[in-house]
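1. Give the three-dimensional model of this entry:
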Amino acid sequence: MRTNTHPNIYGFSVTDVAGQEHSLTSYADRVLLITNTASGCGFTPQYDDLQRLYQRYEPEGFVVLAFPCNQFGQQEPGTNEEITAFCRLNHGVTFPVFAKIDVNGTQTHPLFAYLKKQAPGLLGSQAIKWNFTKFLVSREGKVLARYAPATPPRKIAPAIEAALAR
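-> Numbers count the residues shown, from 1 in each chain. Here you go, the predicted model:
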């Protein structure tokens, strides 16, 4: 994992479920919704909304990037392969699901450290409080907004449309 030396997310690389590193530059000029996910969470049905958003806006340059995380209530204990199969079979997910990561603590993935710094939560807190915290990122790789786990993805549609229109 590379640390970011750029003023946007394109300085990071992420690992896919097969263990291959991918630079986020492959998503340049696309609007992104980046979220930490879990298969056994009360918010897991959000995968359905995320997939609908992806299908609706992908032709305009929108992508959802999911990062499974087992830090909240041990709600993502499976392997990367099990997680991907669960997402595809139970929620029809076709957007990218990456390898499991940490979003808090000493092993925080550098991408999430950057996202949290760029868009702090309630009262300036950088910690991610639960699964399905969502970050909207512009085509230029700038963090536009952070959304709480309880925010249904469909409620983010107007902000996605505004970012796509820029």
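2. In this protein, mark out all the strands, start to finish.
-> For the chain, the strands defined by DSSP state E cover 13-15, 21-23, 31-37, 62-68, 134-137, 143-147.
3. I'd like to know which elements the lowest-mean-pLDDT helix or strand in the chain is packed against.
-> Sorted by mean pLDDT, DSSP states H and E, the helices and strands of the chain end with helix 80-91, the least confident at a mean of 88. On a contact count with 3 or more Cβ pairs under 8 Å, 6 or more residues apart in numbering; DSSP states H and E, helix 80-91 meets helix 46-57, strand 62-68. Glycine gets a C-beta too; all of them are placed from N, C-alpha and C.
4. I would like the residues contacting that helix, please.
-> Here helix 80-91 makes contact (Cβ atoms under 8 Å, 6 or more residues apart in numbering) with 17, 37, 39, 44-45, 47-48, 51, 66, 68, 76, 78, 93-94, 97, 99-100.
5. and if we set it to 6 Å?
-> Under the contact criterion Cβ atoms under 6 Å, 6 or more residues apart in numbering, helix 80-91 has outside partners 17, 39, 47-48, 68, 93, 97, 99-100.
6. Now for these: which two are most distant?
-> Across those, the longest distance by Cβ to Cβ is 22.4 Å; it joins Asp48 and Ala99.
7. More neighbours: which of those two?
-> Neighbour tally, Asp48 and Ala99, criterion other Cβ atoms under 10 Å: the higher count belongs to Ala99, 19 against 15.
8. Surely the more buried one and Thr15 touch.
-> Yes. Counting by Cβ atoms under 6 Å, Ala99 does reach Thr15; the two are 4.2 Å apart.
9. so how far is Asn80 from the nearest residue to Phe12 once chain neighbours are set aside?
-> Nearest residue to Phe12, sequence neighbours excluded (Cβ to Cβ, 6 or more residues apart in numbering): Leu111, at 4.5 Å. Using Cβ to Cβ, to the nearest Å, Leu111 is found at 17 Å from Asn80.
10. Between those two, tell me which one has more neighbours.
-> A count of neighbours by other Cβ under 10 Å puts Leu111 above the other of Leu111 and Asn80, at 24 against 17.
11. My read is that that one contacts Gly11, right?
-> No. With contacts counted by Cβ under 6 Å, Leu111 stays clear of Gly11, the gap being 9.4 Å.
12. Tell me who's in contact with Val143.
-> By Cβ under 6 Å, 6+ apart, the contact set of Val143 is 115, 118-119, 135, 137.
13. er, Gln71 actually
-> 102, 104.
14. Backbone torsions only: list them for it.
-> Backbone torsions for Gln71, taken as degrees, to the nearest 10, come to phi -90, psi -10.
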